[in-house]
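Novice: mind looking at a prediction? Sequence and model below.
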Amino acid sequence: MTRPITIALTKGRIESDTVKLLTRAGFDLSFMEDKGRHLIFEDQAQQLRFLLVKAPDVTTYVRHGVADIGIVGKDVLMEHPTGYLEMLDLNFGLCKFSVASTKDYQPNDHKRKVIATKYPTVATDFFNQKGEDVEIISIQGSVEIAPIIGLADAIVDIVETGSTLVANGLEVYEDICRISARLIVNKAALKNNPSVLNFIKKIEKMVGTEEVPFT
Ligand code: PRP
């Protein structure tokens, strides 16, 4: 018996937007309703299996080949860039990476900056490209606290609605790039399993080719 197409899916907003997209593409995902605490969902008739995982783990499952496909934000792919092929921009989960800080931040005062972030690779790459030497401090969450309390001069973080920044008295000083949900695939699965490519083609028809901007 062949293995169903296995999809590592980021829990939360990306998960619900993916269910809507796949339903539009003609799949019946009613077996994903009433989830309770279940983390694996399989439908043998459609040969589909979903693993509900945390965002950074999507790339791990795909890289190791236990998932054929992954659906995850570009933020995670920028931080974990190897071991899979990025196939589609799904045009949902829109947000951006920005540099933010308190109102008294002086980005151009030529002092070496301390940057707090959940995304050390993204932050390092960004400041390297600007030719700016900074110290990066890795934080796991609630990163907005760092410049307020004096741990860092500024943060590199995701901005979606902007309300977390506003609520904490921070503002954006520079935008780094747009982020959206992406479909990634295991290289061997794409090469060896035609049903994986067929699945991706069905999704591609639904997302169109035009990039939706995030402002
Ligand atoms: C993310 C991000 C910001 C917030 C941005 O945090 O790190 O803190 O969302 O969203 P907004 O612009 O709509 O306010 P998350 O909710 O993942 O929590 P965390 O800080 O614990 O990582």
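Specialist: Structure's in. What do you need? Computed from a prediction, not measured in an experiment: that's the story for all the values here. Numbers count the residues shown, from 1 in each chain.
Novice: please list the residues of the protein that sit near the ligand.
Specialist: Within the chain, the positions lying close to the ligand (C-beta under 6 Å from any ligand atom) are Gly141, Ser142, Val143, Glu144, Asp157, Ile158, Val159, Glu160, Thr161, Gly162, Ser163, Thr164. For every residue, glycine as well, the C-beta is placed using N, CA and C.
Novice: identify each buried residue in stretch 23-32, please.
Specialist: Ala25, Phe27, Leu29, Phe31, Met32 (16 or more other C-beta atoms under 10 Å).
Novice: give the buried residues for the helix or strand containing Tyr61.
Specialist: According to DSSP states H and E, Tyr61 maps onto helix 55-63. Neighbour-count burial for helix 55-63, counted by 16+ other C-beta under 10 Å, picks out Ala55, Asp57, Val58, Thr59, Thr60, Tyr61, Val62, Arg63.
Novice: give the contact list for the residue nearest the centre of the chain.
Specialist: Per C-alpha atoms, centre = their mean, the C-alpha nearest to the average position across the chain is that of Gly73, at 1.6 Å. Listed by C-beta atoms under 8 Å, 6 or more residues apart in numbering, the contact partners of Gly73 are Thr10, Ile14, Ala55, Gly93, Cys95, Ile179, Ser180, Ala181, Arg182.
Novice: so which elements touch the longest strand seen in the chain?
Specialist: For the chain, the longest strand by residue count, based on DSSP state E, is strand 170-179. Judged by 3 or more C-beta pairs under 8 Å, 6 or more residues apart in numbering; DSSP states H and E, strand 170-179 is in contact with helix 74-79, strand 95-102, strand 154-159.
Novice: would you map out the domains in this structure?
Specialist: The chain breaks down into these domains under automatic domain parsing: 5-93+180-207, 95-178.
Novice: these: which one's closest to Pro213?
Specialist: Counting by C-beta to C-beta, Pro213 lies closest to domain 95-178 out of the domains of the chain; the figure is 6.9 Å.
Novice: quickly note the distance from Phe98 to Val143.
Specialist: No Phe there; residue 98 is Ser. As judged by C-beta to C-beta, to the nearest Å, Ser98 and Val143 stand 12 Å apart.
Novice: who touches both of the two?
Specialist: Common neighbours of Ser98 and Val143, using C-beta under 8 Å, 6+ apart, are Asp157.
Novice: ranges for the strands of the chain?
Specialist: 5-10, 40-43, 48-53, 69-73, 85-89, 95-102, 113-117, 134-138, 154-159, 170-179, 181-185.
Novice: about what we covered before: beta partners of the residue nearest to the centre of the chain?
Specialist: When bridges are called by DSSP bridges, Gly73 pairs up with Ala181.
Novice: and it, how far from the ligand?
Specialist: 10 Å (C-beta to the nearest ligand atom, to the nearest Å).
Novice: which strands or helices does the helix ranked longest in the chain pack on?
Specialist: With secondary structure taken from DSSP state H, the chain has its longest helix at helix 194-207. Packing partners of helix 194-207 (3+ C-beta pairs under 8 Å, 6+ apart): strand 5-10, helix 13-24, strand 69-73, strand 85-89, strand 181-185, helix 187-192.
Novice: now the angle from the first one to strand 69-73?
Specialist: Okay, so that is strand 5-10. Per axes from the mean of the first three to the mean of the last three C-alpha atoms, to 10 degrees, the angle that strand 5-10 makes with strand 69-73 is 20 degrees.
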